[in-house]
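Q: how does the following fold in three dimensions:
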Amino acid sequence: MSWSSRPLEECATFLSGGTPNKMCREYWDGDIPWVSSAELTSRFIDDTKLHISADGLKSGSRLMPAGSIFAVVRGMSLATEFRIALSQRPMAFNQDVKAIIPKPGIDGTYLFYALSGRAHEIRDLATEAAHGTKKLEMSRLQNFQIAVPDFDIQKKVAAVGLAYDDLIVANQRRIKLLEESARLLYREWFVLLRFPGHEPVPVTNGVPEGWERKPVSEMIDANPKTPFPKDISRPFVGMEALSEDSMIIDVSDARPVSGGAKFRNGDTLLARITPCLENGKTGFVQFLEDDEAAASGSTEFIVLRSRTVNRYWIYCLARSDSFREHAINSMAGSDGRQRVNSKCFDKYLTLQPPSDVLQVFEENVSGVFAQVQSLTEYNRALRQARDMLLPKLMSGAMDVSRIAVPKEVEV
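A: Model (predicted):
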């Protein structure tokens, strides 16, 4: 069975947002989340970095209810992707974003999946705008055709999509908690120096007995030489593959190794260019088939590898505030293209822990890192299954009543 197609303008209303005057402080730092293109990097959005006040809302924006669809219609992101998200709470939004509101007879969540599942097609509708940016003409978006089954079928298809995405989000929460536990343990032991058995250990000038203060460059190798196979396609990690707040590396590309960073399992990838470093882009490599396998990535990475510490300690160090602040303050170059020179690590002093403390730390967190990778791989499989299944359900090629929803797994 196949469903009839209808232009999007028959299925939804499009509303515009705006930006309150940024010179008026009373318009900002309120309680209302304010959506911009930069916020639409995940499928579901429940908060934003910027908030506006009630006065700011009245002066130049618009408030939409929970369950609204937000889509980017102007900006450079349209060169590579069509950003779309489903709001989880009432939110305002700016002029680069459209709110897409379903008309009667159209389920909002179904509409979200109908559009997000064809995001590449919609992205390709974008045209050049002024100053080299991209824009999505409303006439093109309004005429975009989507399949529209009966309302009860829409609800069932949406429920299948939500079952996959709810599980993905639950796994993301588990990943966040796991990573937080590793970073907190690092801080407790190696920053606050409350490591196991610390009570009787004498401390002189902030250095516990058996520890040593030294440049971090004596403890780690920055951009170490890594042998790699030639003329063989291997995973490639671009800057977009790194998270701003997690160790996860979202690998989706492969190419023969040539220029750029070379790395292997256990290495930490640190963005060295502005604003990626300031934004927190850092990753932990653990997706390769074994610890001798090599892969490559952006030229804008610094690869950090263990010399006298362990791989887990290095990643947690790279996420620490003091280390990142030191790297950011050492950046040099023209405005907008500043970079970190790995020589700056010669001037960053930290404490070399004893091998027995490092060993116990590794025993405590290695399983945490492994669980993060397992959940990451499971989420990748869930996304692939969802993206293969939903188009078939929305086209009528598969009977939605016969579909089993995914379940949580132990890792």
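
Q: every contact and neighbour count from this point should use C-alpha atoms.
A: Fine.

Q: tell me which element Ile328 falls in.
A: Following DSSP states H and E, the helix or strand that holds Ile328 is helix 321-329.

Q: what helices or strands is that helix leaning on?
A: Contacting helix 321-329 under the criterion 3 or more C-alpha pairs under 8 Å, 6 or more residues apart in numbering; DSSP states H and E are the following elements: helix 276-279.

Q: pLDDT (mean, whole number) over the very next helix or strand once past the helix it packs on?
A: The C-terminal neighbour of helix 276-279 among helices and strands, as given by DSSP H and E, is strand 282-284. Averaged across strand 282-284, pLDDT comes to 98.

Q: give the partner strands of strand 282-284 in its sheet and their orientations.
A: According to DSSP bridges, strand 282-284 has the following sheet partners: strand 268-271 (antiparallel).

Q: list the buried residues in the strand it pairs with.
A: For strand 268-271, burial by neighbour count (16 or more other C-alpha atoms under 10 Å) applies to 268-271.

Q: could you give the separation of that strand from the chain centroid?
A: 14 Å (C-alpha atoms, centre = their mean, to the nearest Å).

Q: so how far is Cys344 from the residue nearest the centre of the chain?
A: The chain has Ser243 as the residue nearest its centroid, 4.2 Å off, counting by C-alpha atoms, centre = their mean. Distance from Ser243 to Cys344, counting by C-alpha to C-alpha, to the nearest Å: 23 Å.

Q: same deal with Trp211?
A: Summarising the geometry, the distance separating Trp211 from Cys344, computed by C-alpha to C-alpha, is 22 Å.

Q: who's more crowded, the two?
A: When neighbours are counted by other C-alpha atoms under 10 Å, Cys344 comes out ahead of the other of Trp211 and Cys344, with 17 against 14.

Q: that one against Ala332, yeah?
A: No. Contact status for Cys344 versus Ala332: not in contact, 10.8 Å apart, counting by C-alpha atoms under 8 Å.

Q: which segments of this structure make up each domain?
A: Taking automatic domain parsing as the reference, the chain has its domains at 5-148, 150-196+357-411, 212-352.

Q: quick one: those as a markdown table, columns for distance to Pro202 too.
A: Supplementary listing: those in a markdown table, determined by distance: least, C-alpha to C-alpha, whole Å:
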| stretch | distance to Pro202 |
| --- | --- |
| domain 5-148 | 44 |
| domain 150-196+357-411 | 12 |
| domain 212-352 | 13 |
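
Q: per-residue confidence for Glu410?
A: pLDDT, Glu410: 64.

Q: which element is the residue lying closest to Ala254 once chain neighbours are set aside on?
A: Nearest in space to Ala254, with sequence neighbours left out and distances taken as C-alpha to C-alpha, 6 or more residues apart in numbering, is Pro235 at 4.2 Å. Counting by DSSP H and E, the element that carries Pro235 is strand 233-237.

Q: what's that strand packed up against?
A: Under the contact criterion of 3+ C-alpha pairs under 8 Å, 6+ apart, the helices and strands touching strand 233-237 comprise strand 253-256, strand 294-297.

Q: dump that strand to PDB, restricted to CA.
A: Listed next in PDB are the C-alpha coordinates belonging to strand 233-237 (Å, rounded to 0.1, in the frame of the first residue of the first chain):
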ATOM      1  CA  SER A 233      40.800   3.000   3.100                       C
ATOM      2  CA  ARG A 234      40.700   3.700   6.800                       C
ATOM      3  CA  PRO A 235      38.300   5.600   9.100                       C
ATOM      4  CA  PHE A 236      38.700   9.300   8.800                       C
ATOM      5  CA  VAL A 237      37.700  11.700  11.600                       C
END
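
Q: partners of that strand, with directions?
A: Strand 233-237 pairs in its sheet with strand 253-256 (antiparallel), strand 294-297 (parallel), by DSSP bridges.

Q: which of those comes out lowest on mean pLDDT?
A: Here the lowest mean pLDDT among the strands paired with strand 233-237 goes to strand 253-256, at a mean of 89.

Q: in it, what counts as buried?
A: Counting neighbours by 16+ other C-alpha under 10 Å, one finds that the buried residues in strand 253-256 are Pro256.

Q: give me the contacts around it.
A: Taking C-alpha atoms under 8 Å, 6 or more residues apart in numbering as the criterion, the residues outside strand 253-256 that touch it are 230-237.

Q: show me what the lengthiest strand in the chain packs onto, helices and strands only.
A: Counting by DSSP state E, the longest strand found in the chain is strand 28-35. For strand 28-35, the helices and strands in contact under the criterion 3+ C-alpha pairs under 8 Å, 6+ apart are strand 51-52, helix 54-60, strand 91-93.

Q: tell me the mean pLDDT over the next helix-or-strand element following the second one?
A: As assigned by DSSP H and E, the chain's next helix or strand after helix 54-60 is strand 63-64. Here strand 63-64 scores 96 as its mean pLDDT.

Q: by contact count, what packs against strand 63-64?
A: Using 3+ C-alpha pairs under 8 Å, 6+ apart: strand 63-64 touches strand 91-93.

Q: which residues touch the strand it packs on?
A: With C-alpha under 8 Å, 6+ apart, strand 91-93 has contacts from 17-19, 32-36, 57, 61-66.
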